[in-house]
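Trainee: predicted structure and sequence below. I'll ask about it afterward.
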Amino acid sequence: MSNFKHILVLVICLASFGCKVNYSFTGITDTPETFQVNFFRNTADIVEPGLDQLFTITLQDVITNQTSSNLVNSGGEVIYEGEITEYRIAPMTATSENTAAQNRLTISVQVRYINTKDEEKDFDKRFSFYYDYGASEQLTGTIKDTAFDEILERLTQDIVNASLADW
């Protein structure tokens, strides 16, 4: 119990002196002062209206919520740009009657990450994720919202991890 008190006092002292500790459960250790997310156009064969804006805003929100970086419209220390390259619905599993039991929505984005302070961290990479739903269900309303939430959460988190986390 004595060690616990010493650790607690140390943590309180460090916190009161305003020490900046760059650690999070996401692995983000080196956050830029500013970041810029350019609009991600939808160049997929199937264009889902509003997906481009939703993706762009979701990426901005994830970076804002997980770092201390400030969003800027231009001149960002790090820049995210790219396009939505795939929006596809395909049958996945079959029933004994050779009909689809599940459909899969796949969304892919091509991301160009530019780090103006360290060119070695730049990349141009494709990210993709999917959501499975029942073949008898329509990709509308709550099902569509859930699919978009899960896909965009995973895509944006993968992008942030690839660009800012030291794993």
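Mentor: That came in fine, so what should we check first?
Trainee: what about the nearest residue to Ser74 once chain neighbours are set aside, how many neighbours?
Mentor: Once flanking residues are discounted, Ser74 sits nearest to Gln36: 6.5 Å by Cβ to Cβ, 6 or more residues apart in numbering. (Glycine included, C-beta is placed from N, CA and C.) By other Cβ atoms under 10 Å, the residues close to Gln36 number 21.
Trainee: surely Gln36 is in a helix?
Mentor: No: the assignment for Gln36, made by DSSP: H, G, I helix; E, B strand; the rest coil, is strand rather than a helix.
Trainee: verify the stated contact: it with Ile79.
Mentor: Yes: using Cβ atoms under 8 Å, Gln36 is in contact with Ile79, at 4.7 Å.
Trainee: which residues touch Asp45?
Mentor: Glu86, Tyr87, Arg88 (Cβ atoms under 8 Å, 6 or more residues apart in numbering).
Trainee: distance-wise, check it relative to Ser163.
Mentor: Distance, Asp45 to Ser163, using Cβ to Cβ, to the nearest Å: 27 Å.
Trainee: so where do the strands sit in the protein?
Mentor: Ranges of strands in the chain, per DSSP state E, are 34-37, 41-42, 70-71, 78-91, 102-115, 123-134.
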